[in-house]
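**Student:** Structure for the following, please:
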Amino acid sequence: MERMFLNYAVPCVCAFLACVGFTLMFNIHGYGKLIAGVGGALGWLVYLLGDKTIFAAFLAAASIGVFAEVMSRVRRCPVTGYVLVALLPLVPGGGVYYAMRHCVAGETDLFLSTLLRTFGMAAALAVGAMLASSVFRAIVPRFRPPKQ
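**Tutor:** Down below sits the predicted model:
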């Protein structure tokens, strides 16, 4: 029980708090701060449950995209702020740092493998969020009740 708490709950709470902090830069107010934080925690949980792979990053970005689309319609706010803030904990900044560190140290094999993994993560995040948003926007208007 304690291991599950340390491996899943604590990182998700940290992602939540980080996202709430970033809402200040994106000028998100009120309940939007909590919504963006929950989106970040949700994305981080999906990423952890997927074993921190590139496909897990894709699924996390897709879940963030759908969550942000739903919440933006509930609050009638732009979806961009929710998606950008919630994706921030998943951005592979550490991968870029370690790739450059290996490059400077002359470790070519480690540099290339780290760089390719970092590019894969970034691409998975972009494609996951964009695909989920596009599919959601294509499907949802069809389920609205007709106007009377």
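**Student:** what does the model give the residue most central in space within the chain for pLDDT?
**Tutor:** Closest residue to the average C-alpha location of the chain: Leu87 at 2.9 Å, with Cα atoms, centre = their mean. What the model reports for Leu87 is a pLDDT of 94.
**Student:** before we move on, what about Pro146?
**Tutor:** 64.
**Student:** From the chain's centroid, how far away is the helix or strand harbouring Ala15?
**Tutor:** In this assignment (DSSP states H and E), Ala15 forms part of helix 10-22. How far helix 10-22 lies from its chain's middle: 12 Å, per Cα atoms, centre = their mean, to the nearest Å.
**Student:** by how many degrees do the helix or strand harbouring the residue nearest to the centre of the chain and helix 10-22 diverge?
**Tutor:** For Leu87, the element it lies in under DSSP H and E is helix 79-87. Between helix 79-87 and helix 10-22, the angle comes out at 140 degrees (axes from the mean of the first three to the mean of the last three Cα atoms, to 10 degrees).
**Student:** Against which helices or strands is helix 79-87 packed?
**Tutor:** helix 10-22, helix 31-49, helix 54-75, helix 108-139 (3 or more Cβ pairs under 8 Å, 6 or more residues apart in numbering; DSSP states H and E). C-beta here means a position set from N, CA and C on the backbone, and glycine is covered the same way.
**Student:** would TSV of those with mean neighbour count be doable?
**Tutor:** Listed next are the helices and strands packed on helix 79-87 as TSV, based on neighbours: other Cβ atoms under 10 Å:
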stretch	mean neighbour count
helix 10-22	18
helix 31-49	21
helix 54-75	21
helix 108-139	16
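**Student:** In TSV, list these along with distance to Arg3 and mean pLDDT.
**Tutor:** Compiled in TSV, these are given as follows (distance: least, Cβ to Cβ, whole Å; pLDDT from 0 to 100):
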stretch	distance to Arg3	mean pLDDT
helix 10-22	11	93
helix 31-49	13	94
helix 54-75	19	94
helix 108-139	26	94
